[in-house]
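In: Sequence and predicted structure, then a few things I'm wondering about:
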Amino acid sequence: HASNLQGYAPICLGLEDFYIRRLYLRIQDCFGRPICSPPDAWFDVVERVSNDNNKTLKRTTKVSRCLNLGSYNYLGFAASDEYCTPRVIESLKRFSPSTCSTRVDGGTTTLHSELEECVANFVGKPAAIVFGMGYVTNSAILPVLIGKGGLIISDSLNHNSIVNGARGSGATIRVFQHNTPSHLENVLREHIAEGQPRTHRPWKKIIVVVEGIYSMEGELCQLPEIVAICKKYKAYVYLDEAHSIGAVGRTGRGVCELLGVDTADVEIMMGTFTKSFGSCGGYIAGSKELIEYLKYTCPAHLYATSISPPAAQQIISSIKVILGEDGSNRGAQKLAHIRENSNFFRSELQKMGFEVLGDNDSPVMPIMLYNPAKIPAFSRECLKRNVAVVTVAFPATPLLLARARICISAAHSRDDLIKALEVISEVGDLVGIKYFPAELYKE
Ligand code: PMP
C-alpha cells in the first residue's frame with residue numbers, strides 16, 4: 001500500500017525512471033485505487049467549453065465543467081480577447097497559419113520583425129530573437145552560447161529544457177543549491193578567483209542560469225543577490241522568465257521590474273509566450289551583438305520554420321494590451337487582478353493550514369501533499385467537485401515531495417476563487433494534508 005513508505009525502498013535505492021513509472025502503475029492511493037489511471041484530471045482529454053478565457057474546461061470522459069486551476073493563463077489572454085482575437089484572425093487571413101519557410105529563407109514576415117522589436121522594447125533590451133517553442137529556446141540556445149571549455153552554473157531546480165540545453169552544450173556543468181546565492185558564490189569561488197579578468201582564467205566563459213519564478217516552487221528568484229555575485233565574479237546571467245514575464249512587475253515586465261534589477265545586468269533574458277501572452281514560442285533578448293550572433297549561428301533559427309504568424313500576432317497584441325497601447329486600461333487591470341487574486345488565494349490557503357510554497361505576488365502556488373499516494377486522491381476528489389488542479393510528482397519533483405500546483409489567473413473572479421477554496425479545504429481534510437497551522441507562517 002502506497003501510504004506505507006516501505007513500498008518506496010526500491011526507489012530510494014536508485015532504480016531507473018522506467019521501473020519507477022511501472023511501480024507507480026501498481027501502487028494504490030490512500031483509498032486503495034490505482035495511482036496512475038484515469039480519471040485523473042491531467043490524464044484526461046479536455047475541451048474548451050466557451051469563450052471564458054480558458055477559465056473552465058470540459059473533460060471529454062465525463063460531461064462536467066471544471067474550474068481550471070492548472071493553466072498558465074496568467075493574464076487571461078488564452079482563448080478569446082476583444083483586442084487580440086480580431087487581429088489574430090486578420091493575420092491568419094493575411095499571412096496564413098504557417099510561413100512554411102525558415103527565418104532565413106523567406107520565413108521572416110513583417111510580423112516577425114515587428115514581434116522582435118516589440119519583445120525587445122517590452123523586456124528592456126536592445127534586441128530580441130524569437131523561436132517557435134519555449135522549450136527549444138533554452139535547449140537550442142545554450143549550446144550556441146557556450147561549449148567545451150565553458151562553465152555553466154545552474155540552479156538545482158531549473159527546468160528540463162535548461163538541463164537539456166546545458167548537457168547538449170558540452171560545457172562543464174555545476175549545480176548550486178536552489179535559489180541560494182551564498183552557495184552560488186561558493187561554487188564560483190571553487191572555480192575562479194574573485195575579480196580575475198575574463199581573459200586570465202581557465203574558463204572560456206561562465207554562465208549562471210536561473211529562473212524568474214520557479215514553476216514547481218512558486219518562488220521568486222533571489223535575483224538582486226545573484227546578479228551582484230555574477231558581477232563580482234564576471235559571470236554572465238541567463239534568466240528564464242517563462243513564468244514571470246507578463247505575470248509580475250508593475251507593468252508586467254517580470255522579475256527585474258518587480259525586484260528592482262537593472263536589465264542591463266542580466267545579459268541573456270529568455271522567456272516564453274505560452275503563459276502570460278496566451279500564445280506559443282519563446283524569445284532571447286540581449287545586446288544587439290548577441291542577437292545578431294544568434295541570428296547567424298543558431299541552428300533553431302537557421303533551420304526551423306518560423307513562428308506561426310497568428311501566434312506572433314497574438315503576442316504583439318497582448319503586449320499592446322498590457323502596455324495600454326490598445327487605448328484601454330485593461331492591461332493594468334489584469335496586472336492588478338492577478339496580483340490581488342494570487343495574494344488572496346495564497347493567504348487563504350495558509351489560513352486553512354495548508355503548506356503552500358512560494359512567494360507573495362507569485363501566481364504559482366504549490367500545496368504540499370508529500371506522500372505520492374495523496375496525488376490521485378487529491379486530484380480526483382477536487383475533480384468530483386468540479387475543480388481541476390494539476391498535481392506534480394516524481395520525476396518533476398523529489399519522490400516524497402509530491403504537490404498540487406495551483407496557477408492563478410487574472411481571469412478568475414473572486415467568486416471562482418472562493419468556491420475553489422471551499423472545495424480545496426474540504427478535500428484537504430479528506431485527504432489529510434493540512435500540515436501547517438497558520439501561526440507557522442511568517443509575516
Ligand atoms: N522554461 C520554463 C521555466 C518552463 O516552465 C517551461 C514550460 N513550462 C519552458 C521553459 C518551456 O516553455 P514552452 O512550454 O513554452 O515550450
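Out: Now that the structure is in, tell me what you want to look at.
In: only C-alpha atoms for contact and neighbour calcs from this point on.
Out: Will do.
In: Could you work out the end-to-end span of stretch 298-318 for me?
Out: Distance across stretch 298-318, first residue to last, is 27 Å (Cα to Cα, to the nearest Å).
In: cool, stretch 167-182 as well?
Out: 24 Å.
In: interface residues of this structure facing the ligand?
Out: Within the chain, the positions near the ligand by Cα under 6 Å from any ligand atom are 133-135, 159, 161, 215, 240, 242, 272, 274, 280-281.
In: Restricted to helices, list those residues.
Out: 134-135, 161 (DSSP state H).
In: Quick one, which of these are buried?
Out: 134-135, 161 (16 or more other Cα atoms under 10 Å).
In: Residue 409 contacts residue 73, doesn't it?
Out: Yes. Using Cα atoms under 8 Å, residue 409 is in contact with residue 73, at 5.9 Å.
In: Looking at those two, which has the bigger crowd around it?
Out: Comparing residue 409 with residue 73 by other Cα atoms under 10 Å, the one with more neighbours is residue 409, at 31 against 26.
In: mind listing what the closest residue to that one other than its chain neighbours touches?
Out: Closest residue in space to residue 409, ignoring its immediate chain neighbours: residue 74 at 4.3 Å, by Cα to Cα, 6 or more residues apart in numbering. Residues near residue 74 by Cα atoms under 8 Å, 6 or more residues apart in numbering: 246-247, 275-276, 338, 363, 407-411.
In: what mean pLDDT would you report for the one helix or strand residue 316 maps to?
Out: Secondary structure from DSSP states H and E places residue 316 in helix 309-323. For helix 309-323, mean pLDDT rounds to 98.
In: Kindly calculate the angle that the helix or strand just after it makes with helix 309-323.
Out: Next along the chain after helix 309-323, taking DSSP H and E as the criterion, comes helix 330-352. Helix 330-352 runs at 80 degrees relative to helix 309-323, counting by axes from the mean of the first three to the mean of the last three Cα atoms, to 10 degrees.
In: what does helix 330-352 rub up against?
Out: 74-76, 247-248, 250-252, 321-324, 356, 360-365, 408-412, 414, 417, 421, 425, 434, 436-438, 441.
In: Where strands are concerned, which of those count?
Out: Among the contacts of helix 330-352, DSSP state E puts 364-365 in strands.
In: how about the helices of the stretch 151-300 of the chain, start to end?
Out: Along the stretch 151-300 of the chain, counting by DSSP state H, counting those that start in this stretch, helices occupy 160-169, 181-191, 223-232, 255-259, 288-297, 299-302.
In: Pull out the buried residues from the shortest one.
Out: Taking 16+ other Cα under 10 Å as the basis for neighbour counts, the residues of helix 299-302 that come out buried are 300-302.
In: of all those, which comes closest to the ligand?
Out: Nearest to the ligand among the buried residues of helix 299-302: residue 300, at 13.5 Å, using Cα to the nearest ligand atom.
In: Surely that closest one is in contact with residue 131?
Out: Yes. At 7.4 Å, residue 300 and residue 131 qualify as touching, with contact defined as Cα under 8 Å.
In: Next, the angle from the helix or strand that contains residue 129 to helix 288-297.
Out: Applying DSSP H and E as the criterion places residue 129 in strand 127-131. Taking the same axes, to 10 degrees, one finds strand 127-131 and helix 288-297 inclined to each other by 30 degrees.
In: Give the other helices and strands that strand 127-131 contacts.
Out: Applying 3 or more Cα pairs under 8 Å, 6 or more residues apart in numbering; DSSP states H and E, we find strand 127-131 packed against helix 110-123, strand 282-286, helix 288-297.
In: State the mean pLDDT of the longest one.
Out: Looking back up the chat, that one is helix 110-123. For helix 110-123, the per-residue pLDDT averages 98.
In: Could you list every helix and strand in contact with that helix?
Out: Secondary-structure packing of helix 110-123 (3+ Cα pairs under 8 Å, 6+ apart): strand 127-131, strand 282-286, helix 309-323.
In: any chance of the ones you listed in JSON lines, with mean neighbour count and distance to residue 392 too?
Out: Listed next are the helices and strands packed on helix 110-123 as JSON lines, based on neighbours: other Cα atoms under 10 Å; distance: least, Cα to Cα, whole Å:
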{"stretch": "strand 127-131", "mean neighbour count": "25", "distance to residue 392": "27"}
{"stretch": "strand 282-286", "mean neighbour count": "26", "distance to residue 392": "24"}
{"stretch": "helix 309-323", "mean neighbour count": "24", "distance to residue 392": "28"}
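In: Select, out of these, the one closest to residue 192.
Out: Proximity to residue 192 (Cα to Cα) singles out strand 282-286 among those, at 25.2 Å.
In: ok, residues contacting that closest one?
Out: Contacts of strand 282-286 (Cα under 8 Å, 6+ apart): 119-120, 123, 125-137, 267-274, 291.
In: The contacts of helix 330-352, buried ones only, as a ChimeraX selection?
Out: Per 16+ other Cα under 10 Å, the buried members of the contacts of helix 330-352 correspond to this ChimeraX selection:
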select :74,75,76,247,248,251,252,321,322,323,324,356,360,361,362,363,364,365,408,409,410,411,412,417,421,425,434,436,438
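In: Give me the most central residue, the protein.
Out: residue 243 (3.7 Å; Cα atoms, centre = their mean).
In: Tell me who's in contact with the residue lying closest to that residue once chain neighbours are set aside.
Out: Excluding its sequence neighbours, the residue lying closest to residue 243 (Cα to Cα, 6+ apart) is residue 213, at 5.6 Å. Neighbour list for residue 213: 219-221, 241-244, 255, 362 [criterion: Cα under 8 Å, 6+ apart].
In: confidence score at residue 213?
Out: We have a pLDDT of 98 for residue 213.
In: do residue 141 as well
Out: 97.
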